[in-house]
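[1] just a sequence and a predicted model for now, questions to come.
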Amino acid sequence: MASGKSAGATMRVLLVDDDTTLRGALAQSFELAGIEVEPHADPQGALATIDADFAGMVVTDIRMPGMDGTELFRRIAAIDADIPVILMTGHGDVPMAVAALKQGAFDFVAKPFAADHLIASAQRALEMRRLVLENRRLRLAAEEAQGAYPLIGETPVMMRLRDMVRQVAQADVDVLIEGETGTGKELVALLLHRWSARRTRPFVAVDCAALPETIAEGELFGQAHGRTPGRIMAANRGTLFLDEVDSMALALQGRMLRVVEEREVRAIGAEERQMLDLRIVAAAKSDLAGAVAEGRFRADLLYRLDAVRLRVPPLRERRADVPLLFAHFLREAAERFGREVPMIDADVEARLLSHDWPGNVREVRNYAGRVALGLPGEGSGVGSDGSLSLPERVERFEGATIRAALEEGGGDVRAALVTLGIPRKTFYDKIQRHGIDLNAYRQGRG
Ligand SMILES: Nc1ncnc2c1ncn2[C@@H]1O[C@H](COP(=O)(O)OP(=O)(O)OP(=O)(O)O)[C@@H](O)[C@H]1O
């Protein structure tokens, strides 16, 4: 049923057309078909009622003063790309509508059309939307039931941190997270989102250290006439996570300041600005005040980001959590590789207790992965490829591919990132997991 219920909300059609007569006639047709309809003469007004939970679909005319239908479609897609939009085209607008279809518009109807034809298409769109919302709801419920993304730790510092994350999450303020590499800053950022009222909206992570090598400026801020609205816009109504903000190039900090300060974004090459409803969470490895003193970071940007500060302690300040974390990651890795959870031997136990874990939780996770595969040391203990399971062979292949990329680029990380097409953080994660020493490649020893 197109007019059925989804997550408690009645599904509806937003009908956007500046032509009073056509709007009235179509609204009546929808009502007669038993479909709830909300007519709008002004695209801006229609846009204001849409968010990522919007239970319905949009039918819009292409030619309207102020904002045309394809622009409206692009803005809706920036809020949620899964909101179906049907375009009504006049004579000569068909190529525009076809271009919009390629960008993901649901359908178009060419004027003059029979109302029944439009209604049938709208009914399919409503059904599709209902399924998307239902799937999202189920996925979130399943994640919550499984306690997905646990912030593990029973030491007093971690218990305190967990409480603070819960409290701060609900306050909808910007947050600055400080901590060494691999301590769990991104996990904390994700939990600030998951435990907030924005949890059903997007969480968009941007690795500032990798800008603009892996994400071009246009991709981040949007391009005036581009096909994509930009990553920042995609976070609208949700949470924007600026990871490694301390490594952001100075040239980008000015542009980012506008986003943080004014909650608006101007796409590259565009005149007008678009308003944003964002929560911004930033993470930094180093002391940002020091970066300001050294002239690497804008003081005004730090001031804006620093509404609430959370510190994620390094593992050496919560050593008692190491066995707990290790056990969790060992179970997780064994499951991933389709293996039994191995018994921990004396060597492993000694390492858990004595090692300093400079790579923090990520290092524990990678070590647990090696133990799960029976390779706690580097490169020992496995037979020929033939005796390995598929996940293990994939793992080996991945290691070999990364080594080859590093060899090719003489240990240059940027070059390797481009060759491998993976984010920087994932890359560091993987080289640590595979026990790859970057310096060996830099010295040309392969
Ligand atoms: N307390 C924790 N409980 C469970 N998993 C954790 C915990 N802390 C970190 N992790 C896991 O360890 C890995 C590294 O954490 P994360 O990526 O959040 O660190 P980070 O501080 O953002 O690292 P970087 O400084 O390199 O960006 C992730 O897989 C994360 O889920």
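    Yep, that arrived.

[2] close to the ligand: what parts of the protein are there?
    150-153, 179, 181-187, 243, 283, 285, 361-362, 365, 425 (Cβ under 6 Å from any ligand atom). C-betas here are computed from N, CA, C, even on glycine.

[3] which of the residues you listed are buried? Put it as a PyMOL command.
    Per 16 or more other Cβ atoms under 10 Å, the buried members of these correspond to this PyMOL selection:
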select buried, resi 151+153+179+181+182+183+184+185+186+187+243+283+285+361+362+365+425
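
[4] okay, and which of the residues of the chain next to the ligand map to strands?
    Asp243, Ala283 (DSSP state E).

[5] let's see which of the residues of the chain next to the ligand end up in helices.
    Cross-referencing the residues of the chain next to the ligand against helices under DSSP state H gives Lys185, Glu186, Leu187, Val361, Arg362, Arg365, Lys425.

[6] need those in CSV (columns: pLDDT and distance to Gln432).
    Shown next, in CSV, are these (pLDDT from 0 to 100; distance: Cβ to Cβ, whole Å):
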residue, pLDDT, distance to Gln432
Lys185, 97, 16
Glu186, 96, 15
Leu187, 96, 17
Val361, 96, 12
Arg362, 94, 7
Arg365, 94, 9
Lys425, 87, 11
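
[7] quick one: which two of those residues are the most distant?
    Within those, Lys185 and Arg365 form the most distant pair, 14.4 Å apart (Cβ to Cβ).

[8] what comes up buried for the helix or strand that Gly399 is a member of?
    Taking DSSP states H and E as the criterion, Gly399 maps to helix 390-408. Within helix 390-408, the residues scored as buried using 16+ other Cβ under 10 Å are Glu392, Glu395, Gly399, Ile402, Arg403, Ala405, Leu406.

[9] gap between the top helix by length along the chain and the chain center?
    Longest helix in the chain by number of residues, with DSSP H as the criterion: helix 115-145. Taking Cα atoms, centre = their mean, to the nearest Å, the mean C-alpha location of helix 115-145 is offset from the chain mean by 21 Å.

[10] which non-adjacent residue is nearest His434?
    Gly399 (4.0 Å; Cβ to Cβ, 6 or more residues apart in numbering).

[11] all strands for the stretch 1-150 of the chain, in order.
    For the stretch 1-150 of the chain, the strands defined by DSSP state E, counting those that start in this stretch occupy 5-6, 9-10, 12-16, 36-40, 56-61, 85-89, 107-110.

[12] so which of those is the most surrounded?
    strand 56-61 (a mean of 26; mean count of other Cβ atoms under 10 Å).

[13] who touches that one?
    11-19, 22, 26, 36, 43, 46, 50, 69, 72-73, 76, 83-88, 106, 118, 122, 125-126, 129 (Cβ atoms under 8 Å, 6 or more residues apart in numbering).

[14] can you pull the contacts of the closest residue to Asp429 other than its chain neighbours?
    What sits nearest to Asp429 in space, not counting adjacent residues and going by Cβ to Cβ, 6+ apart, is Arg362, at 6.4 Å. Applying Cβ under 8 Å, 6+ apart, we find Arg362 in contact with Thr181, Gly182, Asp429, Gln432.

[15] please repeat the previous calculation with a cut-off of 10 Å.
    Residues near Arg362 by Cβ atoms under 10 Å, 6 or more residues apart in numbering: Thr181, Gly182, Thr183, Gly184, Leu315, Phe329, Lys425, Tyr428, Asp429, Gln432, Arg433.

[16] closest one of these to the ligand?
    Gly184 (2.7 Å; Cβ to the nearest ligand atom).

[17] tell me the contacts of that closest one?
    Going by Cβ under 10 Å, 6+ apart, Gly184 touches 151-153, 158, 161, 177, 190-191, 312-313, 315, 325, 360-362.

[18] likewise Asp82?
    Contacts for Asp82 (Cβ under 10 Å, 6+ apart) come out as Ala52, Phe54, Gly104, Met128, Arg129, Leu131, Val132, Leu133, Asn135, Arg136.

[19] now it: how far from the ligand?
    27 Å (Cβ to the nearest ligand atom, to the nearest Å).

[20] same deal with Ala346?
    25 Å.

[21] His328 is in contact with Ala372, correct?
    No - in this structure, Ala372 is not within contact of His328 by Cβ atoms under 10 Å, at 11.9 Å.

[22] more crowded one of these two?
    Neighbours were tallied for Ala372 and for His328 using other Cβ atoms under 10 Å; the higher tally belongs to Ala372 (22 against 16).

[23] circling back to that earlier point, so which of the contacts of Arg362 comes closest to Phe113?
    Checking the contacts of Arg362 against Phe113 with Cβ to Cβ, the nearest one is Lys425 at 49.5 Å.

[24] before we move on, back to that, among the strands of the stretch 1-150 of the chain, show the one with the smallest mean pLDDT.
    Looking at the strands of the stretch 1-150 of the chain, the lowest mean pLDDT belongs to strand 5-6 (a mean of 42).

[25] correct me if wrong: the residue nearest to His434 contacts Ile431.
    Yes - using Cβ under 10 Å, Gly399 makes contact with Ile431 at a distance of 9.0 Å.

[26] circling back to that earlier point, what about the residue nearest to Asp429, distance to Ala46?
    According to Cβ to Cβ, to the nearest Å, Arg362 stands 45 Å off from Ala46.

[27] and Arg63, backbone torsions?
    With angles defined as degrees, to the nearest 10, Arg63 sits at phi -90, psi 110.

[28] surely it meets Met88?
    Yes - between Arg63 and Met88 there is a contact at 9.2 Å, judged by Cβ under 10 Å.

[29] okay, and the common contacts of the two?
    Contacts common to Arg63 and Met88, judged by Cβ under 10 Å, 6+ apart, are Asp17, Asp19, Gly69.

[30] any of the residues you listed buried? List them.
    Asp17, Gly69.

[31] from the shared contacts of Arg63 and Met88, which single one is nearest the ligand?
    Distances from the ligand to these, taken by Cβ to the nearest ligand atom, are shortest for Gly69, at 41.2 Å.

[32] quick check: the closest one touching Ala105?
    Yes - Gly69 is within contact range of Ala105, at 9.1 Å (criterion: Cβ under 10 Å).

[33] any weak-confidence spans in the stretch 251-400 of the chain?
    376-388 (pLDDT under 70).

[34] could you measure from Pro39 over to the ligand?
    Taking Cβ to the nearest ligand atom, one finds Pro39 at 47 Å from the ligand.
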